[in-house]
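K.L.:
one predicted model, sequence on top.
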Amino acid sequence: MMLILTRNRVLLAFNIIMKIKQSIVIAVTCLFLTVSSFGQSIKVAVAANLQGVIKVLGKDFAKKTGIEIEPIVGSSGNLATQIKNGAPFDVFLSADMGFPETLYKEGFSLKPPAIYAYGSLIICSTQDIGFENWERLLMSERIKKIAIANPAIAPYGKAAEESLKLKGVIDDVKPKIVTGESIAQVNTYITTGVVDVGFTTRALVKDAEGKTILYWKEIDPKSYTPIKQGMVIIKQSKENVNALKFYEYLLSPAAKAILKEYGYGV
């Protein structure tokens, strides 16, 4: 009788020990998964027009997921070229759909691009010179320098060129044009007064709040091809899971609210 009781006690103790071990293993695994999601980062190639808003988006994304983003800012065309040459980016946020679509067709992205925002083109200056009839203003002697991003690699530059052609003033103002390699460079020309006026993204108005007084007018969106901003996940990405999380985040209501605050259509 005593032997049976002893055996039962041993079995009971063994079961208790095994349950404790299982609980410890589960707890450690959960802790590892939690910790592993934090401190991770993904490299995001970012079109220059997003230079300001990407910081806000990145902060909100990190707060929600624990995943940091490392933005690499440049013109959409230059970033696309870098991706083709093997740059270790995880996600590409372009200022148009053309470059992402080309990357997909050439096998550099996991799936077709998705539109995450619609851009707005404005004419802008640090001078209160009036933009009621901006095309006539550009031809006047008052305007000496006009900043435009390189149309070949910067979608906002392409949109500005299209609008100038439609208005019939492109040839008249060509001698005054100062070309920036990206919209970020154009923004610097505008805010520092290097040029009299510039064509840029409406997001600059939000970026400059409390820093620089700007005068601007939105360009009629019918005068240029709609600026559909697309994104893709890069195929050689080593962080596909986290890249997908960021991709899905940009399509979420939280990200759309931030983009809308910066003047983008969503």
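P.N.:
Everything's here; your move. Since this is a predicted model, take the numbers as computed values, not measurements. Numbers count the residues shown, from 1 in each chain.
K.L.:
contacts only, for the nearest residue to residue 131 once chain neighbours are set aside.
P.N.:
Nearest non-adjacent residue to residue 131, counting by CB to CB, 6 or more residues apart in numbering: residue 217, 3.7 Å away. C-beta: built from backbone N, CA, C; applies to glycine. Contacts for residue 217 (CB atoms under 8 Å, 6 or more residues apart in numbering) come out as 122-123, 131-132, 134.
K.L.:
quick one: the strands in the stretch 101-250 of the chain?
P.N.:
114-119, 121-125, 146-149, 177-180, 197-201, 215-218, 227-233 (DSSP state E, counting those that start in this stretch).
K.L.:
distance check, the residue nearest to residue 131 against residue 155.
P.N.:
As defined by CB to CB, to the nearest Å, residue 217 lies at a distance of 20 Å from residue 155.
K.L.:
with residue 132 instead?
P.N.:
27 Å.
K.L.:
more crowded one of the two?
P.N.:
Neighbour totals were compared for residue 132 and residue 155, and residue 155 leads with 29 against 7 (other CB atoms under 10 Å).
K.L.:
hmm, that one is touching residue 96, no?
P.N.:
Yes - the criterion here is CB atoms under 8 Å, and residue 155 meets it with residue 96 at 3.8 Å.
K.L.:
intersection of neighbour lists for the two?
P.N.:
Residues touching both residue 155 and residue 96 by CB under 8 Å, 6+ apart: 76, 227, 229.
K.L.:
wait, which of those residues is closest to residue 144?
P.N.:
Distance to residue 144 across the shared contacts of residue 155 and residue 96 (CB to CB) is lowest for residue 227, with 27.5 Å.
K.L.:
got a list of what residue 49 touches?
P.N.:
Neighbour list for residue 49: 95, 119, 156, 183-184, 200-201, 203 [criterion: CB under 8 Å, 6+ apart].
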